[in-house]
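A.B. asks: Need coordinates for the following:
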Amino acid sequence: MSSATHSQDEINNGLRAVLGHPVIYNFFGRIAGMPGKYRMYIGKFMKPVDNMRILDIGCGTSTILDYLPSSVFYEGYDINPAYINFAEKKYGHRAVFHNKRVNQMTLLKSEPYDVILADGLVHHLNDSEAKKLFQIGYKSLKKNGFMLTSDPAFIENQNRIAKFISSIDRGRHVRFPKDYSKIAESSFANIETHIIHDIGTVPMTACILKCWKD
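C.D. replies: Numbers count the residues shown, from 1 in each chain. Alright, predicted model coming up:
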């Protein structure tokens, strides 16, 4: 998918097209408070330890590596070649990257992972691809490992600004928390659902799923 397409899964034309450029993507991420989000995400939900194996699906430019210990093993996948090129240039000395879509991933022959991230990805996928994502996550995890997803969400009696922000997201599949959970349940039996408000510097509502492989 190019950076100037409009499909039923993602809008990448008009003003949104500029976000396909990694430098601009990172700039807007900083304005939106991504550093604070990553610190919260890592400290509250990931809690990395030395030599932890992390797979990041939909890794973007992988700036999350700025907040992860250098001792972790990190592997990232993203469909945007510009993002992957940026990540390889900046973090290639400490991580492995692939320019592939979810349904093109071949992970089952690799060593299992402790943590699988899909930060801001599920709302870019239709139900079929989203179920495929969780299936890949489950099969690629170690026993007692977990998969983390974080996506904008709609909720009942939502703040109008938060609802508007979710409605104009590039991803065309922003869902209610119960709908994200239902998709995850196609592969995982043990799921924690967390609703987080005011992510970063904007009044956005996010649904975070922590899905354990028992």
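A.B. asks: measure the residue nearest to Leu121 when sequence neighbours are not counted to Val122 for me?
C.D. replies: Excluding its sequence neighbours, the residue lying closest to Leu121 (Cβ to Cβ, 6 or more residues apart in numbering) is Gly58, at 3.4 Å. Where C-beta positions appear, they are placed from N, C-alpha and C, glycine not excepted. As defined by Cβ to Cβ, to the nearest Å, Gly58 lies at a distance of 9 Å from Val122.
A.B. asks: The two: which is more packed in?
C.D. replies: For Gly58 versus Val122, neighbours defined as other Cβ atoms under 10 Å are more numerous around Val122 (28 against 22).
A.B. asks: Might you report the residue contacts of the more buried one?
C.D. replies: By Cβ atoms under 8 Å, 6 or more residues apart in numbering, Val122 lies in contact with Ala130, Leu133, Thr149, Asp151, His173, Arg175, Tyr180, Ile183.
A.B. asks: Surely the third one is in a helix?
C.D. replies: No. Secondary structure assignment places Thr149 outside any helix; it is strand (DSSP: H, G, I helix; E, B strand; the rest coil).
A.B. asks: Could you report the neighbour count for it?
C.D. replies: 27.
A.B. asks: cool, and the last one?
C.D. replies: The burial metric for Ile183, expressed as a neighbour count using other Cβ under 10 Å, is 22.
A.B. asks: and the gap between it and Lys143?
C.D. replies: For Ile183 relative to Lys143 (Cβ to Cβ), the value is 22 Å.
A.B. asks: repeat for the second one
C.D. replies: Leu133 sits 20 Å away from Lys143 when distances are taken as Cβ to Cβ.
A.B. asks: who's more crowded, those two?
C.D. replies: Leu133 (25 against 8).
A.B. asks: per-residue confidence at the more buried one?
C.D. replies: Among the per-residue scores, Leu133 shows a pLDDT of 93.
A.B. asks: give the contact list for it.
C.D. replies: Ile57, Val102, Ala118, Leu121, Val122, Leu125.
A.B. asks: Was I right to think the first one contacts Arg101?
C.D. replies: No. Under the criterion of Cβ atoms under 8 Å, Ile57 makes no contact with Arg101, lying 9.9 Å away.
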